[in-house]
Each structure stands twice: as C-alpha cells, then as structure tokens.
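*Asks:* below: sequence and its predicted model.
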Amino acid sequence: MSRILDGKWVRDEIQRECLPRVRKIVAQAGRAPRLAVILAGSDPGSEIYVRNKVKVCQELGIASEKLTPSESVTTAELLAAIEELNRREEVDGILVQLPLPKQAESRAVLAAIQPEKDVDGFHPVNVGHLVANRPGLRPCTPAGIMELLRRYEIPVAGRRAVVVGRSDIVGKPMALMLLHQHATVTICHSRTSNLAEECARADILVAAIGKPALVRREFIKPGATVIDVGMNRLTDGAQARSLLAGAPEKLALFEKNGSVLVGDVHPAEVALAAGAYTPVPGGVGLLTVAMLMVNTIAAAERRLGLCSA
Ligand code: GUN
C-alpha cells in the first residue's frame, strides 16, 4: 500500500503556524503584514490564482492589495508601479503574477523588486542566496515541497533525488534545496536520454515538467516518494481516454465535466509502485500559496526587525 501525502494537512499546519506570527507583528508594529500583487491582463488561470492568494491573506489577517494594469501595460509602467511599492514602507511583499503580457519584459520587472520584498524568491539576489545556501526568500512551490517532506518525516540526506524539469520557478530551486539537505540530486529535462531509467533510480522523484501523466509505473522505483508538481487540464477526449485508460475515476470525472486535472505523474500507476505520493489535486498545489504567506510574514518580520533570521 502506498501512502498519500496530504497537501491539505500540510497547508493547514503551515497556515495555522502563521496566525501567532501575524498577531505578534500587529502587536509590535501596530500594523498587519502587507502583500501587494500585480496582475497584468486577464489570463483566466492567473485571475484564479490571484483571487486565492488574496483570500488566504484575508483568512490569516495579512493585508493585501491588487494592482490590475491592462493587457497592454508596458515594461516602463510596470517598473514605475514596482518603484512605488518598493518605496512604500507598509508594503512588505511584492508579487508579480506570471506570465506577464508578452510585450512586458519579465526579467527586468522581477529584477526591479526590492529583494527584501521579493516574496516569490525570483530576484537574482535571492536566487544567489539560495545557491549559496544563505538565508533569503525562497521560491514558494519547492519550499512547500521541502515542508511536506519534513512534516511527513521523509528522509532526504543521503537519498537519491531526481527532479524532472529545470524551470527557474520549480525545477532548479527544488534541486538546490534537496542538495542543501544532502540528497544526491539529478536534474532531468526534455533532452534527457533514458528518462525512465534516470527516474527509476530515485528515492525521491519530483515531477515538474508540465506533461500530463508522463511519469508511468516503470519510472518509479518501488517504495519511492513521488512528488507531483504538474497541473495539466485535459480537455481533449481522445487524449484523456488514451492517457487515463487505467484510471477509471479520473476518466469518469472527464466524462462528467468535459475536462479533468491531471498531474505529471500517471494518477493510477503511481499507487502501484510508490511508497508515498502527492495526489493531484490535493497535493503540492495547495502549498504554494501557504508558503507565499510564510514569505510575506518573514519579509515583514525581517523588515520590522522582529526576528534574528
Ligand atoms: N505563475 C505560475 N506560478 C507562479 C508563481 O509561483 N509565482 C508567480 N508570481 N506567478 C506564477
């Protein structure tokens, strides 16, 4: 029997631990921590993500504000908005929801955020802190995965970890965090030859490539821990029926709703080989926002001189 790693439980624990920290900031600084989110354009996925971020802020007593420039916003306009947020003393965290409209230069925009307020951990200074294993704001999704491994007491030191995907947001920082916890880390990507063979050596396998159900039974070493970062919505009937032939529950959801959410790991085959795994939905996806709250609180504590870290 493989164990399901419950993202909801980890999220609830993380968020519960936020409450006394927020209360302490309010008591000592006379104001709540504050997150500013920039949502440019009207990407439906981004709108849902941002709405959820604002909602969780409210639940935890974190102040938030949303800037919504239009789809045609220029890089200069975004830079001006960030300058203003950098200047405002009561803003602790700044998040620019990605992807930005195509004319906007994401790199320049992200690099303009004051590193102390960079709650996504994407600024080159924070990337440098991560590489050097110094304190700093860390990207939320891989930080959430480390929290999940820790809270489920899954050992990392000395284990073989394979990260599939080399994005700046998940794959690269994930590999570094596992390395800093003394795993032996391999990064695989779209040009890796013998992907299944590489993956099958992993004690901890992290799939973050954005390809639905790519990781099959033969990719998984028996007993391995499998972390699925994928969030792929299947809308094509032929693709759904072919990928989900062995996953009747998912297929039934597709037939009922006309679409279904599938991770990068095959939803039925993972249970046949893994010792423990994160489901989709209900796994890693829930942790990203929780860690954004942690980063916002940590940024506030740091800026207000309320912690030693
Ligand atoms: N778009 C997809 N993932 C993320 C994320 O972690 N942060 C931001 N800002 N945008 C995203």
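*Replies:* Happy to help now that I have it.
*Asks:* residues from the stretch 1-150 of the chain in reach of the ligand?
*Replies:* With the criterion set to C-beta under 6 Å from any ligand atom, the stretch 1-150 of the chain comes near the ligand through 95, 96, 97, 98, 120, 140, 141. C-betas here are computed from N, CA, C, even on glycine.
*Asks:* so what's the closest residue to residue 140 other than its chain neighbours up against?
*Replies:* Once flanking residues are discounted, residue 140 sits nearest to residue 291: 3.9 Å by C-beta to C-beta, 6 or more residues apart in numbering. By C-beta atoms under 8 Å, 6 or more residues apart in numbering, residue 291 lies in contact with 14, 138, 140, 141, 143, 144, 147.
*Asks:* give the contact list for the nearest residue to the first one once chain neighbours are set aside.
*Replies:* To tie it back to what came earlier, the one meant is residue 14. With C-beta to C-beta, 6+ apart as the criterion, residue 14 has its nearest non-adjacent residue at 4.2 Å, and that residue is residue 290. Neighbour list for residue 290: 10, 11, 14, 15, 56, 144 [criterion: C-beta under 8 Å, 6+ apart].
*Asks:* just the residues you listed now: which is nearest residue 103?
*Replies:* Set against residue 103, the nearest of the contacts of residue 290 by C-beta to C-beta is residue 56 (30.5 Å).
*Asks:* quick one: the closest one and the ligand, what's the gap?
*Replies:* The gap separating residue 56 from the ligand is 14 Å, by C-beta to the nearest ligand atom, to the nearest Å.
*Asks:* does that residue sit in a helix, a strand or a coil?
*Replies:* Under the three-state scheme (DSSP: H, G, I helix; E, B strand; the rest coil), residue 56 adopts helix.
*Asks:* just checking, it touches residue 293?
*Replies:* Yes: here residue 56 lies in contact with residue 293, judged by C-beta atoms under 8 Å, at a distance of 6.0 Å.
*Asks:* need the overlap of contacts for these two.
*Replies:* In contact with both residue 56 and residue 293: residue 15, using C-beta under 8 Å, 6+ apart.
*Asks:* who has more neighbours, those two?
*Replies:* Using other C-beta atoms under 10 Å, the more surrounded residue of residue 56 and residue 293 is residue 293, with 27 against 19.
*Asks:* element containing the more buried one, please.
*Replies:* helix 285-304 (DSSP states H and E).
*Asks:* mind listing the strands for the stretch 151-300 of the chain?
*Replies:* For the stretch 151-300 of the chain, applying DSSP state E, counting those that start in this stretch gives strands covering 160-164, 184-188, 204-207, 225-228, 232-234, 260-262, 276-277.
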